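Q: Predicted model and sequence below, questions to follow.
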Amino acid sequence: MRTHGLPATIAAGVLVRFGAGPGAGTGMAEGITAGIGFGLAVTSWGSFGAARICLALRRQVPWDLMGFLEDAHRSRGVLRQVGAVYQFRHIDLQRHLAQQRYGGDP
């Protein structure tokens with residue numbers, strides 16, 4: 001169900017809006033736009049993208065977050081990758097960084 005969520009919402013948006021606009025082209029464009037917007041809002045990929053952009057705008061993560069994580073994993077050896085998840089190799093480093101950021105024990 002999750003893998004077909006975005007195409008299904010685009011199709012539903014096109015079908016719902018197809019005849020509601022002044023013309024077929026306008027209705028189709030509105031339907032596709034609404035379908036993509038809704039599809040991204042309800043998927044985990046859309047939430048990740050929105051969070052990544054918000055954090056990058058506040059300068060809390062680099063714009064190329066995945067490149068940064070890949071460099072920390074492959075070149076620097078600070079992170080390990082378990083499936084799709086990155087983890088700190090050393091718990092003491094994680095605690096130190098958390099203490100610096102928040103000023104106390106995590």
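A: That came in fine, so what should we check first? Numbers count the residues shown, from 1 in each chain.
Q: Break this structure into its domains for me.
A: With domains defined by automatic domain parsing, the chain comprises 2-47, 63-106.
Q: quick one: which of these has the weakest pLDDT on average?
A: Comparing mean pLDDT across those, the weakest is domain 2-47, with a mean of 65.
Q: how close does the nearest residue to V61 once chain neighbours are set aside sit to H90?
A: Ranked by Cβ to Cβ, 6 or more residues apart in numbering and with sequence neighbours excluded, the top spatial neighbour of V61 is L55, at 4.4 Å. Glycine gets a C-beta too; all of them are placed from N, C-alpha and C. With the distance defined as Cβ to Cβ, to the nearest Å, L55 ends up 24 Å from H90.
Q: Can you show me the strands along the chain?
A: 79-82, 85-88 (DSSP state E).
Q: Can you lay out these as JSON lines showing distance to H96 and mean neighbour count?
A: Formatted as JSON lines, those follow (distance: least, Cβ to Cβ, whole Å; neighbours: other Cβ atoms under 10 Å):
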{"stretch": "strand 79-82", "distance to H96": "15", "mean neighbour count": "14"}
{"stretch": "strand 85-88", "distance to H96": "10", "mean neighbour count": "12"}
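Q: Could you export those as CSV, including distance to H73?
A: Written out in CSV, the entries for the strands of the chain read as follows (distance: least, Cβ to Cβ, whole Å):
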stretch, distance to H73
strand 79-82, 5
strand 85-88, 6
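Q: Tell me which of the ones you listed lies nearest to A50.
A: strand 85-88 (19.7 Å; Cβ to Cβ).
Q: so what does that closest one touch, helix or strand wise?
A: Packing partners of strand 85-88 (3 or more Cβ pairs under 8 Å, 6 or more residues apart in numbering; DSSP states H and E): helix 65-74, strand 79-82.
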